[in-house]
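# need a 3D model of the sequence below.
(one chain, ligands or ions: 1)
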Amino acid sequence: MFTWLSRPPQQSTLSDSEQLLFSGALRHDKAWAQYENPLLRVSFWSMAKQFPAMMASVARAAWREDPRALLVLLAAELGIGLMRAFTLVATNQVLIAIFSAGPTTDRLLDAAPALGTAAAVTAASSMLSAVSVAASGRLEPKIERACTSRYYRGLARVELATLVNKETQRALDAGRYGIRSIRSMLSSSIQVINTVIGLVAAAGVLLLLHPVLVLALLLIAAPKAWGAVAVVRRNYASRSVWLDHVRATDMVTYQLSRPDAGPEVKAHRAGELLTGAYEDMAATAALEKQRLAYAEAGTDLMASAMSGVAALVSYGALWALLWFGAIPLAAAGTAVVAVRTSSQNLASLVMSVNRLYEESMYLADLETAYELAERNAIPAGGLSLPQGPVEVRCEKVSFSYPGAEQLALDEVSLMVPAGKVVALVGENGSGKTTLAKLLAGLYLPTQGQVFVNGVDVREADRDAVFDRVALLCQDFPHWPMTARANIHIGRPELDLDQERIEQAAREADALSVVDSLPDRWESIIVSGFERSTQLSGGQWQRMGSARARYRRAPLLIVDEPTSALDPRAEIEAFQALRSMTDNGTTVLLITHRLAATATADLIYVLDRGRVVEHGSHAELMTLTDGHYRTLYEMQAAQYARTPSSPVLPRPTPHS
Ligand SMILES: Nc1ncnc2c1ncn2[C@@H]1O[C@H](COP(=O)(O)OP(=O)(O)OP(=O)(O)O)[C@@H](O)[C@H]1O
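This is a model prediction of the structure:
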């Protein structure tokens, strides 16, 4: 019977557009997606069993942050529950006085003390509520702040290899949703405690009046509880079905307002496909929503009917108790009041437990993220590094990315002498960026050793290694901050130093970029904000270069630093890099512009993760059929080519 009420939600029908654009439903590849509809997979009882553990985890966090506020909060809630019991007892006393024999005025006078008690109890309850609100208001932000900052500090310290590992990255990312849950966990927990105490108080008073009255309470409450669970589950089902469509329509319509999609939206008429897809998906989603709404209405009706029948049975039992004189009329009146308030309490209890359960899953993710971040944190402390210019050496270094089958670096040995320009050259995917990150101490080798000033990076104080490195990565961050902050973030531990910022900008040829901005140093250089403006690719590259220079580190690692620069700026940038060695800076340069590597002191050529050649430009050019020479000549030939020249062959791969 009623199997249609408990069957799982139907999969939504895919619109033709979703099939065409996404080859199915557009589901997120995100850790939180698995929690979209937790209530669909769990029963009310399995949730109830986990309830103590959930409460304990919130209580632990609260105890850590402010034990006093927690104790005040619990005491206030307990007091509120007791006041509920007193209210029922006072109500009973009032009813006894009113239903007793005698003149009305005498009965009212008899009821007066109990009425006074009820009023005093209500006043006390209001005061305790205020105390509870104040204590939780004090506790909530403290818990949230402490848990959130622990999470972000953990992320900031975690090894880069953990971040690039898809699995651990997902787990760390999932923690983000946990920090949002902390606040609601606390308020839901308080609500649960509050209603449980209220229910226990009501049941206790009813038990004193007559044990059968407790049974009546349970009878009415049970279908209400079932109804509330069923409705909540239905709502989740509706939301989860709706989510796929919302996501798909959002994705499609978002493109219409994006400037970079604009040219194709207009010229290729992609806009027509997108708006048509929206209409198609919206129609399917509306049908699905309607179907679920009907189902929800059915559930509601069934819950109300069952509750009505239960109420009839309970009130019948009450009537029988009165008929046979088992309870006085006043007790029956108190029972009716208790049952009505308790069933309302119960409905809110179910809602709070549901919410608590969902939030606790997110909180469990946060615990996992903490644990993961702490286990994979970059160790603090270690061997200190000798001061002065930096020399980096690696011996038989192999490295593979987490989960990758192939080695990104295979037994690489090289030397980056202090105060020299060393270039890493090779085709796409040959391992240059990976090698640079190992030399900077960002990744630890899977095998082999990296030495910075003679100290093995594994044993070195990694903070000291990072302190000596300035990076300009290929995909360096475009911080959504002011132009000033975008440079200052290169050495954030220093007090903001405008002179040093301007000097770095001058050296990187970025001063003219800042001068052209409407709010100069105060301009936010990512669009979409007040005072914001969009920089061109080349302008960004100069800002990134200024940031790296502002760091004033003895080892500068630059990965394709000129890919977006115009020819004049590019030549100047390479000359500036060269001149940095004058003050002892070691420069590690990764570039495909081989004209620039010609002036490097030393060139390492990588091919499929191995060093296949090394030497100066002149030495490498003497190698007939050498890898470097082939690449260099191919590039040089580009400029000598006339339209009728044949396409150049690819270089022969080296093993
Ligand atoms: N985060 C990562 N996870 C897994 N594999 C990666 C990751 N980053 C790079 N790789 C792989 O490691 C290999 C070397 O990549 P790397 O970026 O070091 O090459 P590169 O020589 O710098 O290439 P390019 O000239 O295109 O910048 C490639 O096969 C690449 O697919």
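# now the residue nearest the centre of the chain, nearest residue through space, not along the chain?
In the chain, the residue lying closest to the centroid (Cα atoms, centre = their mean) is R176, at 2.9 Å. Leaving aside its chain neighbours, R176 sits nearest to Y151 (7.5 Å; criterion: Cβ to Cβ, 6 or more residues apart in numbering). No exception for glycine: its C-beta is placed from N, CA and C like everyone else's.
# tell me what the one helix or strand that neighbour maps to is packed against?
Assessed by DSSP states H and E, Y151 sits inside helix 104-157. The contact analysis (3 or more Cβ pairs under 8 Å, 6 or more residues apart in numbering; DSSP states H and E) places helix 104-157 against helix 44-65, helix 67-99, helix 166-209, helix 329-375.
# related to what we said a few turns ago, look up how far L372 lies from the residue nearest to the centre of the chain.
13 Å (Cβ to Cβ, to the nearest Å).
# my read: A261 touches A270, true?
Yes: between A261 and A270 a contact is recorded at 7.4 Å, counting by Cβ atoms under 8 Å.
# and for the two, which residues touch both?
Q255 (Cβ atoms under 8 Å, 6 or more residues apart in numbering).
# where does the stretch 451-600 of the chain have low pLDDT?
528, 564 (pLDDT under 70).
# up against the ligand, what does it have?
With Cβ under 6 Å from any ligand atom as the criterion, the stretch 451-600 of the chain meets the ligand at residues Q474.
# where along the stretch 451-600 of the chain do the strands fall?
Assigned by DSSP state E, counting those that start in this stretch, the stretch 451-600 of the chain shows strands spanning 455-456, 469-472, 555-559, 586-590.
# which residues sit against the first one?
For strand 455-456, the surrounding residues in contact (Cβ under 8 Å, 6+ apart) are 383, 385-386, 449-450.
# where is pLDDT lowest across those residues?
Here the lowest pLDDT out of the contacts of strand 455-456 sits on P386, with 85.
# let me see the contact set for that one.
Counting by Cβ under 8 Å, 6+ apart, P386 has contacts 453-455.
# now rank those residues by neighbours and give me the top one.
N453 (21 neighbours; other Cβ atoms under 10 Å).
# ok, now how distant is that one from L511?
With Cβ to Cβ as the criterion, N453 and L511 are 34 Å apart.
# and G175, by the same measure?
From G175 to L511 the distance is 41 Å (Cβ to Cβ).
# of the two, who's got more company?
Each of G175 and L511 had its neighbours counted (other Cβ under 10 Å), and the higher figure belongs to G175 (27 against 16).
# excluding its backbone neighbours, what's nearest the more buried one?
For G175, the spatially nearest residue (Cβ to Cβ, 6+ apart) is A369, at 2.6 Å.
# that neighbour: neighbour count?
Count around A369 with other Cβ under 10 Å applied: 26.
# got the contact list for the closest residue to the ligand within the stretch 251-400 of the chain?
The nearest approach of the stretch 251-400 of the chain to the ligand comes at S400, 8.2 Å away (Cβ to the nearest ligand atom). Neighbour list for S400: 406-408, 446 [criterion: Cβ under 8 Å, 6+ apart].
# how much space between the residue nearest to it when sequence neighbours are not counted and the ligand?
Spatial nearest neighbour of S400, excluding adjacent residues (Cβ to Cβ, 6+ apart): L407 at 4.9 Å. L407 sits 9 Å away from the ligand, going by Cβ to the nearest ligand atom, to the nearest Å.
# how close does L407 get to V392?
20 Å.
# with neighbour numbers in mind, choose between these two.
V392 (26 against 19).
# which non-adjacent residue is nearest that one?
Going by Cβ to Cβ, 6+ apart, V392 has V416 as its nearest residue, at 4.4 Å.
# list the contacts for I80?
125, 128-129, 132, 194, 197-198.
# and the pLDDT for A330?
For A330, the predicted pLDDT is 80.
# tally up the residues packed near it, please.
Once other Cβ under 10 Å is used to define contacts, A330 is seen to have 19 neighbours.
# touching, it and A90? I think so.
No: applying Cβ under 8 Å, one finds A330 not in contact with A90, separated by 11.8 Å.
# tell me the residues of the protein that contact the ligand?
164, 401, 404, 408, 426, 428-434, 474.
# show me which of those residues are buried.
Among those, those classed as buried by 16 or more other Cβ atoms under 10 Å are 164, 401, 408, 426, 430-434.
# show me the two of the residues you listed that sit farthest apart.
V164 and G426 (20.4 Å; Cβ to Cβ).
# domain-wise, how is this protein divided?
52-210+363-378, 211-326, 381-468+553-655, 477-551 (automatic domain parsing).
# which of the ones you listed has the lowest mean pLDDT?
domain 211-326 (a mean of 75).
# what helices or strands is the helix or strand where M634 lies leaning on?
Assessed by DSSP H and E, M634 sits inside helix 627-640. Contact here means 3+ Cβ pairs under 8 Å, 6+ apart; on that basis helix 627-640 packs against helix 594-597, strand 602-607, strand 610-615, helix 617-621.
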